[in-house]
Each structure stands twice: as structure tokens, then as C-alpha cells.
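Colleague: compute the structure for the input listed below.
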Amino acid sequence: MFKELLGGHTKQERLENRSYLVIIIAVVLIGVGMLLGSFVKYTIFLASAGSLFLIIGIIMYIASQLMESK
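Modeller: Here you go, the predicted structure:
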């Protein structure tokens, strides 16, 4: 399943699939960090790391769209 998620026929598809995976990981980190941030000390840093991953995922997605052949 994991190999199929990251796979793709072209380099553009592989980069796009990996950007989706990074964005999903970022959303999970942000959610857990914000959920536990009020109760457990220093877990808000998970949300901060998630926001960094979100930016990276968005940049990867933009790069994959710029690679699109026409």
C-alpha cells in the first residue's frame, strides 16, 4: 500500500503523491499538537513542526505542478 501511494508513472506524479503524504503528516502533527498543547507541556512544538511540514508539502505540490508537461 505504501509503495503504491508513493509510486507513479512519471516524476511529476511521484512528487505530487509525496507532497500529499507530507501534507497529511503535517495535518496530523498540527492536530495532535493543538489538542494536547493545553494539557501536556511542550507538545505545542508538534504543531510548530507540523506547520513547517505543511509549508514544505505545499512547496513540493507547487513544484510538481510546475513540472507538468503540456
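
Colleague: for this structure, just list every one of the helices.
Modeller: Assigned by DSSP state H, the chain shows helices spanning 2-6, 11-36, 44-66.

Colleague: skip the chain neighbours and tell me the closest residue to Ile25.
Modeller: Leaving aside its chain neighbours, Ile25 sits nearest to Phe53 (5.8 Å; criterion: Cβ to Cβ, 6 or more residues apart in numbering). Yep, even glycine has a C-beta here, placed from its N, CA and C like the rest.

Colleague: hmm, which helix or strand of this structure has the shakiest average pLDDT?
Modeller: helix 2-6 (a mean of 64; mean pLDDT, DSSP states H and E).

Colleague: how about Ser38, phi and psi?
Modeller: Note on Ser38: its backbone torsions stand at phi -80, psi -20 [degrees, to the nearest 10].

Colleague: same check on Thr43?
Modeller: Here is the backbone geometry of Thr43 (degrees, to the nearest 10): phi -80, psi -10.

Colleague: give me the pLDDT for it.
Modeller: Looking at Thr43, its pLDDT reads 89.

Colleague: same check on Met1?
Modeller: 59.

Colleague: Phe53 and His9: what is the separation?
Modeller: 26 Å (Cβ to Cβ, to the nearest Å).

Colleague: of the two, who's got more company?
Modeller: Phe53 (19 against 7; other Cβ atoms under 10 Å).

Colleague: what residues are up against that one?
Modeller: Val22, Ile23, Ile25, Ala26, Leu29 (Cβ atoms under 8 Å, 6 or more residues apart in numbering).
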